[in-house]
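Visitor: Quick one, what's the 3D model for this:
(chains A and B)
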Amino acid sequence: MLARLRQWWQHTGGLELKDYHKTASTQQPVRKLSASTAEEIVIPLQQHTGQPPKPIVQAGDFVYKGQVLAVANGRISVPVHASTSGRIQALETRPIAHPSGLNDLCVILIPDGQDQWGDQGLPPITDYQAVSAECLHQRISEAGIVGLGGAVFPSAIKLQRPESSPSPITTLVINGAECEPYITCDDMLMREQAAEIIGGCLIMLQVLQEYTPAQGLNCFIGIEDNKPQAIAAMQTAIDQANDPRLKLIPVPTQYPTGGERQLITLLTGREVPSGSRPTAIGVLCHNVATARAIYQAVVLGQPLITRYVTVTGQGVVRPQNFEVPLGMRMQTLIEAAGGYTSKAQRLIMGGSMMGVALPSDQLPVVKATNCLWVSEPAVSNPPLPCIRCGRCAEACPVNLLPQQMYWYARARDLEKVEQQHIFDCIECGCCAYVCPSHLPLVDYYRYAKADIYAQREARAKADLARERHDFHQERIERAKREKAEKLAKHKAAAQNKTADTADKQAAIQAALARAQAKKAQPAPLSTATEDKPA
Amino acid sequence: MIFGTQTSPYLHAQLSVGQVMAQVIYALVPGTLVLLGWFGWGVVTNLLLSLSLALLLEALMLKLRQRPLALFLTDYSALVTGWLLAVALPPYSPWWLILIALVFALVIGKHLYGGLGYNPFNPAMVGYAAVLVSFPIEMTRWPNPELTSMAQLSFEQTLQQVFLGGLSYWDGLTQATALDTIKTHLRLGETVSQISQGSQFGWLAGHGWEWVSLAWLAGGLWLLYQKIISWHIPLALIGSLTGMALIFWLLNPESYSSPLFHLLSGATLLGAFFIATDPVSASTTPLGKLLYAGGIGCFTYIIRVWGSYPDAIAFAVLIMNMAVPLLDTYTQPRVYGTKGRFGS
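Guide: Residues are numbered from 1 along each chain as shown, chains lettered A, B, ... in the order given. Here you go, the predicted model:
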């Protein structure tokens, strides 16, 4: 109610769509797909944001389900695990789920059909309240858990003791908004696994508690109000957990409410400062699927080897959600959903607003794969010039002026684009959605951002080169100067020397003269003994 | 299976520039019908000539500029410009006046600047101002609604007036508008209440004009309801104009017309909802829109009361068009997570 009121007097932007196309894929319970029957499992090493892990297996090795295939390599890195038991066929580059269509290093695993866990796995920590935050933290890291909302940033790093953060974490925001049209994997997860999600929340609170004064810690779970079943299931789980820190808040259905910053502002009333992370205002945000993965890693000792994936759209026969082992070929999921219809023209990983279009279905499911949307052909509207109608500015959840950014980006006036705060753009696509001129606005911003980065890099390089040059010049100058100084000193010293010798000569002469004068005049007797030389 | 790849977002609202412009045209219909009821066939000839010439000139310029004809003709922006000029020019305007106005509007005001989306000035107002300063006699001779309705002046007579150099008794059918009368008579030392006894005055403003203005208002409110325009520009324009009128009227109601008179006279409401709201040449930020339209209201009042032209929407719009780049630069709204211009 309050959130609704807020929309009246404050610009929040966003889209309210007539149809979010979510019911098609929520009619049936989630179906579990088994990796054991798959022909091969292709596990890309780089499934997270950060450095790729280092492989520790070789072709020919036998691995158990959940066994580590590659270990974390560097600070921002997580290991990857085998989704099923079998033999490693090869470590080779394969196409991955990326719009570029480029290849990346993958572990090719041939399942043995047994799907057996080894005894070397992670030991379950059933009583997580008894262990230290450090221990939980390590578990979350070694289970390969990353943000499953789409950013795939290593979760353990977000849960680390804040080093330079000005304020301790006081609010844990659990994102169950799932605002993108078509995607329902979080919705189904909340309906079916609410208890595990809440368990994961409690574990995260346990970790944060060690870093934070206990009294101020809260956990807000935001769910869009178009998911009544998920809200009911989660509320039941919260009631069972009976923890006063947990609070479920239904939020209005509006894209992009599930954006991290948008949800935080909606739930806490505070804005995340531009250019900072939510931790700057003492907030940490995790997705519901991440919370569940954390629960599984800690309490059940299972690394992240499966995830919920929505397969939906006009292009598949029976839209549904699946629990999919990572590395399974996307084609298998499509077949499980009844195959393609005649309308299948585009395959998009992620949602209809921010997903990436994939060139083929022969790609492996990865940690970032929340949804496969097989859609009808795009309605192609030729773009017209911008008429500055301002619909984009009204739709922008960040309160930017997309029409102005477009104008400057088109003119390649990067300085002006930056003044328009382009780096606060979250590329949600609301502006391009509403544009009556059908301009690919987000593409312009991606281009401008990339260009500004390139320019900054070039400038940094040029600055470094100039600094080096200046230093070089300065060194040469200094060497010259020092040499000249030295020379001058030597010269002065030499002159001093000649002056000295002249003085000495004079003194000698004077002494000689005195001696001669003494000789010439006989010494008085009275002082003869005293003057006797010793 | 191999798929085509595009970039996000993949969903789009089904709204086009053509649809936006079409809505504006629908909203112009009620006002045009009332105008037709008062002023007769001259409104029809104005409209038909203006629309067909506008399409012709637009097509010609698109051809010259080697732009796709079908795509840009169906954005209907030329039709909106033509329609606005048709209702802004006095009914029974000679064909050449309309042509010249349209050449200034579409060729010089729009296409020489780069066509749709690139014109810094409101094209219709460029055309209007050009003929207003060039042909003041034709432009200030508005027909007397009592004598020129459809029943009184036939279509043949209208064609003769428009195409064949005019009816010999045309002068007898025209009169100065209420705004014009007020201005000239106030300078002769008369009071507002004396002047308002004249036949061209109705119950609030010019006889007949009040109804035309109210019909523009109805169309404008419909545009607001359809979210084709935002409330900022109409509200700020009406607010500043009536605000200024109120101050001077309260100071001396015998030398200054009432706010209601200013609101319902001339092109105030047409301007507030249909002309100043042209998105291309207006400011694009919320605060910028308020300042832009507020400026139009102020300049309109100043020129109406102290200037030498009876109405001033066209000049006021053109003046404020010049300020738009400046307004847009300095009225950027506070972006999420930033302090903004005036702190948080």
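
Visitor: When you work out contacts or count neighbours from here on, use the C-alpha atoms and nothing else.
Guide: OK.

Visitor: ok and the residue in the stretch 51-200 of chain B nearest chain A?
Guide: As assessed by CA to the nearest CA, chain A sits closest to B:Gly117 within the stretch 51-200 of chain B, at 4.6 Å.

Visitor: Enumerate every residue touching B:Ile228.
Guide: Residues in contact with B:Ile228 (CA atoms under 8 Å, 6 or more residues apart in numbering or on different chains) are B:Val20, B:Gln23, B:Val24.

Visitor: ok so, going back, and the residue of the stretch 51-200 of chain B closest to chain A, how many neighbours?
Guide: When neighbours are defined as other CA atoms under 10 Å in any protein chain shown, B:Gly117 has 19 of them.

Visitor: again, but for the one 5 residues further on
Guide: The criterion is other CA under 10 Å. On that basis, B:Asn122 has 26 neighbouring residues.

Visitor: residues in contact with it?
Guide: Residues in contact with B:Asn122 (CA under 8 Å, 6+ apart) are B:Gly109, B:Ile275, B:Asp278, B:Val280, B:Ser281, B:Val317, B:Leu318, B:Asn321.

Visitor: out of these, which touch chain A?
Guide: Of the residues in the contacts of B:Asn122, proximity to chain A by CA under 8 Å from any CA of the partner chain holds for B:Val280.

Visitor: do you know how far A:Lys65 is from A:Ile43?
Guide: 13 Å (CA to CA, to the nearest Å).

Visitor: Next, show the common contact partners of these two.
Guide: Counting by CA under 8 Å, 6+ apart, the residues touching both A:Lys65 and A:Ile43 are A:Ala82.

Visitor: domain assignment for chain A?
Guide: A:1-32+A:124-302, A:387-492 (automatic domain parsing).

Visitor: quick one: the residue nearest to B:Ser196 when sequence neighbours are not counted and A:Asn226, what's the gap?
Guide: Excluding the flanking residues, the one nearest B:Ser196 by CA to CA, 6 or more residues apart in numbering or on different chains is B:Ile182, at 7.9 Å. Distance of B:Ile182 to A:Asn226, computed by CA to CA: 60 Å.

Visitor: For the stretch 151-300 of chain B, which residues are neighbours of chain A?
Guide: B:Pro279, B:Val280, B:Thr284, B:Thr285.

Visitor: Residue of the stretch 201-344 of chain B nearest chain A, please.
Guide: Nearest residue of the stretch 201-344 of chain B to chain A: B:Gly337, at 4.0 Å (CA to the nearest CA).

Visitor: which residue packs closest to that residue, ignoring adjacent ones?
Guide: Of all residues not flanking B:Gly337 in the chain, A:Pro273 sits nearest, at 4.0 Å (CA to CA, 6+ apart).

Visitor: what residues are up against A:Ala97?
Guide: Taking CA under 8 Å, 6+ apart as the criterion, A:Ala97 is in contact with A:Met349, A:Leu358, A:Leu363, A:Pro364, A:Val365, A:Val366.

Visitor: correct me, but the third one touches A:Ile96?
Guide: Yes - between A:Leu363 and A:Ile96 there is a contact at 5.8 Å, judged by CA atoms under 8 Å.

Visitor: if we can go back for a sec, wait, isn't the residue of the stretch 51-200 of chain B closest to chain A in contact with A:Pro385?
Guide: Yes - using CA under 8 Å, B:Gly117 is in contact with A:Pro385, at 5.6 Å.

Visitor: residues from the stretch 401-534 of chain A in reach of chain B?
Guide: Checking the stretch 401-534 of chain A against chain B by CA under 8 Å from any CA, the hits are A:401, A:420-421, A:424, A:428-429, A:432-438, A:442-443.

Visitor: and if we set it to 6 Å?
Guide: Residues of the stretch 401-534 of chain A lying close to chain B (CA under 6 Å from any CA of the partner chain) are A:Gly429, A:Tyr433, A:Val434, A:Pro436, A:Ser437.

Visitor: List the buried residues of the host helix or strand of B:Val126.
Guide: If you go by DSSP states H and E, B:Val126 is part of helix B:123-134. Across helix B:123-134, burial judged by 16 or more other CA atoms under 10 Å in any protein chain shown covers B:Pro123, B:Ala124, B:Met125, B:Val126, B:Gly127, B:Tyr128, B:Ala129, B:Ala130, B:Val131, B:Leu132.

Visitor: C-terminal to that helix, what's the next element?
Guide: helix B:136-140.

Visitor: quick one, strands of chain B?
Guide: In chain B, the strands defined using DSSP state E lie at B:142-143, B:174-175.

Visitor: what's the answer for the stretch 1-150 of chain A, then?
Guide: Ranges of strands in the stretch 1-150 of chain A, per DSSP state E, counting those that start in this stretch, are A:31-32, A:41-44, A:54-55, A:62-63, A:68-71, A:80-81, A:86-95, A:103-111.

Visitor: what about the ones you listed, which gets the closest to chain B?
Guide: With CA to the nearest CA, the closest approach to chain B among the strands of the stretch 1-150 of chain A belongs to strand A:86-95: 13.2 Å.

Visitor: and that closest one, does that touch chain B?
Guide: No - applying CA under 6 Å from any CA, one finds strand A:86-95 out of contact with chain B, separated by at least 13.2 Å.

Visitor: quick one: buried residues of that strand?
Guide: A:Gly86, A:Arg87, A:Ile88, A:Gln89, A:Ala90, A:Leu91, A:Arg94, A:Pro95.

Visitor: My guess is the second one contacts A:Phe62. True?
Guide: Yes - A:Arg87 is in contact with A:Phe62 according to CA atoms under 6 Å; the separation is 4.4 Å.

Visitor: Residues that sit against both of the two, list them.
Guide: Common contact partners of A:Arg87 and A:Phe62 (CA atoms under 6 Å, 6 or more residues apart in numbering or on different chains): none.

Visitor: hang on, the earlier thing: what is the neighbour count of the residue nearest to B:Gly337?
Guide: So A:Pro273, with other CA under 10 Å, has 16 neighbours.

Visitor: Also the one 10 residues further on?
Guide: The tally of other residues near A:Val283 (other CA under 10 Å) stands at 22.

Visitor: Give me the nearest residue to it, chain neighbours excluded.
Guide: Per CA to CA, 6+ apart, closest to A:Val283 is A:Thr171, 4.8 Å.

Visitor: Bridged to the one you found, which residues?
Guide: Note on A:Thr171: beta-bridge partners A:Asn218, A:Val283, judged by DSSP bridges.

Visitor: wait, what's in contact with it?
Guide: By CA under 6 Å, 6+ apart, A:Thr171 lies in contact with A:Leu217, A:Asn218, A:Cys219, A:Val283.

Visitor: Skipping adjacent residues, who's closest to the first one in space?
Guide: In this structure, A:Leu217 finds its nearest non-sequential neighbour in A:Thr170, 4.6 Å apart by CA to CA, 6+ apart.

Visitor: most neighbours per residue, which of the domains of chain A?
Guide: Mean neighbour count, computed with mean count of other CA atoms under 10 Å in any protein chain shown, is highest for domain A:1-32+A:124-302 among the domains of chain A, reaching a mean of 20.

Visitor: Take the strands of chain B and lay them out in TSV including distance to A:Glu260.
Guide: Listed next are the strands of chain B as TSV, based on distance: least, CA to CA, whole Å:
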stretch	distance to A:Glu260
strand B:142-143	61
strand B:174-175	65
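
Visitor: Counting neighbours, what do you get for the nearest residue to A:Pro359 once chain neighbours are set aside?
Guide: Distances taken as CA to CA, 6+ apart put B:Phe3 closest to A:Pro359, at 4.9 Å, once the chain neighbours are dropped. Using other CA under 10 Å, B:Phe3 has 16 other residues around it.

Visitor: need the contacts of A:Thr171 in TSV with pLDDT, can you?
Guide: Output for those, formatted as TSV (pLDDT from 0 to 100):
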residue	pLDDT
A:Leu217	87
A:Asn218	90
A:Cys219	94
A:Val283	91
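
Visitor: Alright, calling it a day.
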